[in-house]
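# with the sequence up front, the predicted model follows.
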Amino acid sequence: MSSYEVMYFALPGRAEAVRVMLHAAGIDFTDTTFGFKEWPTIKPTTPLGSVPVLKIDGKEYTQSMAMARFAAKKAGFYPEDPLEALKVDEAIDIVAELLSKVPKCEDKDEMKKLREEFQKETMTKYAIFLENRVQMSGGNSIASSPSVADLILKTTIGAIETGFWDYIDTKFFDQYPGIMATCKAIGENEKVKSYYDSKKE
């Protein structure tokens, strides 16, 4: 039996979908977490100077979205139908693109201005697109069945709702009923819920 280990900060972030999907697949894995103070020491030991890192039988793999897809295929949360897979991949890549465009700035006043503009323009454009995709699929999922794209959407919005993105409205996505219904549905999925229930034990 293969051994699995996920390395990431002690928070949900980019590793959350990987953790949930591995659990949903029934794969036991070591969840290695660390604090920000430890990161300067750990960073040089990673393949690309970034996390998460997924280790399978000691071999290291990078890129959170690739890991999430891998685990989702094992868990049955990635479509076999090519068109359905396209919908899932499209949504995953949109979220990744959105994350890559979040403004960063040392000056707090400038950061506030940039992020307010980002919310008004970029976030709104992407949110409208994803909302339309959800509505086309029935109103509570990106594709015709629950997928890893729904989960990645949920974890990203969850970070925003906790205030993790400074100067971004924590209730921004409330105006998009399909997106919020998608987050709710995947959160109530039996296999996904099982992961969070296990963390309470």
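Sure thing, it's come through.

# now the strands for this structure?
Assigned by DSSP state E, the strands in the chain fall at 4-9, 30-34, 53-56, 59-61.

# pLDDT below threshold where in the chain?
Within the chain, the stretches with pLDDT under 70 are 201.

# not counting residues beside it along the chain, what's closest to the residue nearest the centre of it?
Centroid check for the chain by CA atoms, centre = their mean gives I152 as the closest residue, at 3.2 Å. Of all residues not flanking I152 in the chain, A17 sits nearest, at 5.0 Å (CB to CB, 6 or more residues apart in numbering). All C-beta atoms are positioned from the backbone trio N, CA, C, and that covers glycine.

# so the one you found makes contact with T155?
Yes. A17 is within contact range of T155, at 5.7 Å (criterion: CB atoms under 8 Å).

# these two - which one has more neighbours?
A17 (31 against 22; other CB atoms under 10 Å).

# ok, that one - contacts?
Applying CB atoms under 8 Å, 6 or more residues apart in numbering to A17 gives the contacts 64, 68, 71-72, 148, 151-152, 155.

# how much space between it and Y4?
According to CB to CB, to the nearest Å, A17 and Y4 sit 15 Å apart.

# same check, this time on E60
Distance, E60 to Y4, by CB to CB: 12 Å.

# I'd like to know how many residues surround K73.
By other CB under 10 Å, the residues close to K73 number 16.

# ignore what I typed, I meant K199.
Number of residues near K199 (other CB under 10 Å) recorded here: 9.
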